[in-house]
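J.: quick check, what structure comes out for this input:
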Amino acid sequence: MKKIALTGDRPTGKLHLGHYVGSIQNRVKLQGETDQAFYMVADVQALTDNASNPEKVRENVLEVALDNLACGIDPEKTIMFVQSQVPAIAELTVFFLNLVTIQRLGQNPTIKAEIAQKGWNANVDQKEDLNKPGVPAGFYCYPVSQAADILFCKSTVVPAGEDQKPMIEQCNEIVDSFNRLYGETFSRVSHVSGSTARLVGIDGGAKMSKSLGNAIYLSDSKEIIKDKVMQMYTDPNHIRVEDPGSVARNVVFSYLDIFDPNQNEVAELKAQYEKGGLGDVKIKQRLIEVLETIIAPIRTRREELAKDPERVMQILRDGTRKAQEIGEETMRQVREAIKINYF
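T.: Numbering: from 1, shown residues only. Okay, the predicted model is just below:
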C-alpha cells in the first residue's frame, strides 16, 4: 500500500507557531518519507464559518501558501492545491454524508469545542436567536468534508495537531462504512501528531489561535516577537527577582521547554527561578532570542517569496490541475463501487 500524506490549512490568516509545531514540521518531514504528499488550502472549510466574509478567505490563500513554502514545503515533492477547485472533493462529500448520522456529528469533541468557542447555539430545537445564532450546517458537517479532503487522493497519513484526532477517527468510520457497503475502496488513515500536543497562547489561557489573538506568527518581526513575549504570563506572585517563582503554568518556561535546544540550561534556569534570584525579564529575553532563531530564516524566505506572488499562485494552479486529475480517477472508482456509473 502506498504511503500518501495530506494536510492543509484554513486560509483565515497567517500561520503561527502552533501550526508550526502541530503540523508544519511533520508535513515538511513527510515530503521525503512518503510516496506522495499533498498540501491543501482549505478555502471551502474556511467558508463554513466565514460565509459572510469571502474576501477574508480569498486574501489569505496566498498568505498560507507563503507560510508553507517559507517553512520548507517543496512543490517538486508536494502537490499544493486549492480545495474549492477540485470538484471530486465536493462530490465525495455528498456521498459520505449518507454514511454519517446527525447524532454522530454532534458527538465530535472538536466540533463541540469550536461551537462553544464561537458562541453558537447548538440546540436544534430552539428558534434562531440573533444574539446566539445557530450552527451553520456546513460547519456542523465539515468533518465529513474533511474525510473527503483526505480520501479523494487516497491519503493514508495525516500530519495534524492533536485537536484533529477526532476528525481522523470519524474519517476512519466513514472508510469502514463505505468499504463494508460498496467493497474495498479506501484505506484507513493514520494520524501523525506534532512534536507538541497543544501550544498554549501567549495569554496562557487556551491554545494558540488566530481567532483568539494570542499567537506568535511565523512572519512576525523581532520587535513584534519581543512585544508578545514580554506580555506572556509567568507567575503573578513572582514580584521581586529574589522571590521564589513557580514554573507551573508559566508560559515562558512552557515555550522554552518546546523551543529551546539547550534543555540542560533550561532545567538550571527553572531551578534558579524556583529558588529565587532569577527575574522574569531575563527568561523572557532568552525566549525572544530562541524564537527569533527559529522564525528569522522563515521570515526572510517568506519576504523573498512574497516579492513574486504570481509565481506562488502558479504553483497552486499547477498543483490544483494535478489534484483534479487524481480526484477524477478516485471518483471513477467511487461511482463504479456505488453503481452509479451509468454512462
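
J.: which other helices and strands does the worst-scoring helix or strand of the chain on mean pLDDT contact?
T.: Using mean pLDDT, DSSP states H and E, helix 109-118 stands out as the lowest-scoring helix or strand of the chain, at a mean of 85. Packing contacts for helix 109-118, counted by 3 or more C-beta pairs under 8 Å, 6 or more residues apart in numbering; DSSP states H and E, involve helix 137-140, helix 142-151, helix 165-182. Where C-beta positions appear, they are placed from N, C-alpha and C, glycine not excepted.

J.: export the ones you listed to a markdown table and append columns for mean pLDDT, distance to H238 and mean neighbour count.
T.: Formatted as a markdown table, the helices and strands packed on helix 109-118 follow (pLDDT from 0 to 100; distance: least, C-beta to C-beta, whole Å; neighbours: other C-beta atoms under 10 Å):
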| stretch | mean pLDDT | distance to H238 | mean neighbour count |
| --- | --- | --- | --- |
| helix 137-140 | 89 | 42 | 16 |
| helix 142-151 | 95 | 43 | 26 |
| helix 165-182 | 95 | 35 | 18 |
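
J.: and the ones you listed as JSON lines, adding distance to E114?
T.: Below are those laid out as JSON lines (distance: least, C-beta to C-beta, whole Å):
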{"stretch": "helix 137-140", "distance to E114": "8"}
{"stretch": "helix 142-151", "distance to E114": "9"}
{"stretch": "helix 165-182", "distance to E114": "11"}
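
J.: which of the ones you listed sits closest to D43?
T.: helix 142-151 (11.4 Å; C-beta to C-beta).

J.: does anything pack onto the next helix or strand along the chain from the closest one? Which helices or strands?
T.: Going down the chain from helix 142-151, the next helix or strand is strand 157-159, by DSSP states H and E. Under the contact definition 3+ C-beta pairs under 8 Å, 6+ apart, strand 157-159 sits against strand 4-9, helix 25-30, strand 190-192.

J.: highest mean neighbour count out of the ones you listed?
T.: Among these, ranked by average contacts under mean count of other C-beta atoms under 10 Å, first place goes to strand 4-9 (a mean of 25).

J.: which elements pack onto that one?
T.: Using 3+ C-beta pairs under 8 Å, 6+ apart: strand 4-9 touches helix 25-30, strand 36-41, helix 54-71, helix 142-151, strand 157-159.

J.: turn the ones you listed into TSV, including distance to Q103.
T.: Listed next are the helices and strands packed on strand 4-9 as TSV, based on distance: least, C-beta to C-beta, whole Å:
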stretch	distance to Q103
helix 25-30	33
strand 36-41	28
helix 54-71	30
helix 142-151	13
strand 157-159	25
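
J.: and K226, which of those is closest to it?
T.: In terms of C-beta to C-beta, the element of these nearest to K226 is helix 54-71, at 20.7 Å.

J.: for the closest one, name the packing helices and strands.
T.: Helix 54-71 sits against strand 4-9, strand 36-41, helix 43-47, strand 78-82, helix 280-305, helix 309-338, with contacts defined as 3+ C-beta pairs under 8 Å, 6+ apart.

J.: I73 - nearest residue in space that isn't next to it in sequence?
T.: Using C-beta to C-beta, 6 or more residues apart in numbering and skipping the chain neighbours, the partner closest in space to I73 is Y39 (5.8 Å).

J.: correct me if wrong: that neighbour contacts I79.
T.: Yes - assessed by C-beta atoms under 8 Å, Y39 is found in contact with I79 at 7.2 Å.

J.: quick check: buried residues in stretch 285-304?
T.: Neighbour counts using 16 or more other C-beta atoms under 10 Å place 286-288, 290-292, 294-295, 298-299, 302 of stretch 285-304 among the buried residues.

J.: between the helices and strands packed on strand 4-9, which gets nearest to Q83?
T.: Nearest of those to Q83, taken as C-beta to C-beta: strand 36-41 at 5.3 Å.

J.: quick one, that closest one and strand 78-82 angle?
T.: 30 degrees (axes from the mean of the first three to the mean of the last three C-alpha atoms, to 10 degrees).

J.: which residues of this protein score low on pLDDT?
T.: Applying pLDDT under 70 to the chain flags residues 124, 130, 194-197.

J.: give me that answer again for 50
T.: For the chain, applying pLDDT under 50 flags no range at all.

J.: related to what we said a few turns ago, can I get the helices and strands packed on strand 157-159 in JSON lines including distance to V229?
T.: Shown next, in JSON lines, are the helices and strands packed on strand 157-159 (distance: least, C-beta to C-beta, whole Å):
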{"stretch": "strand 4-9", "distance to V229": "24"}
{"stretch": "helix 25-30", "distance to V229": "21"}
{"stretch": "strand 190-192", "distance to V229": "29"}
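
J.: figure out which of these is closest to K127.
T.: Taking C-beta to C-beta, strand 4-9 is the member of the helices and strands packed on strand 157-159 nearest to K127, at 35.4 Å.

J.: now do that closest one: everything it contacts.
T.: With contact meaning C-beta atoms under 8 Å, 6 or more residues apart in numbering, strand 4-9 is reached by 15, 19, 23, 26-27, 30, 34-42, 64, 67-68, 83, 149-150, 153-160, 192.

J.: same thing with stretch 80-90?
T.: Here stretch 80-90 has contacts from 8, 38-45, 61, 65, 68, 73, 145, 148-149, 152, 315-316, 319-320, 322-324, 327-328, 330-331, using C-beta under 8 Å, 6+ apart.
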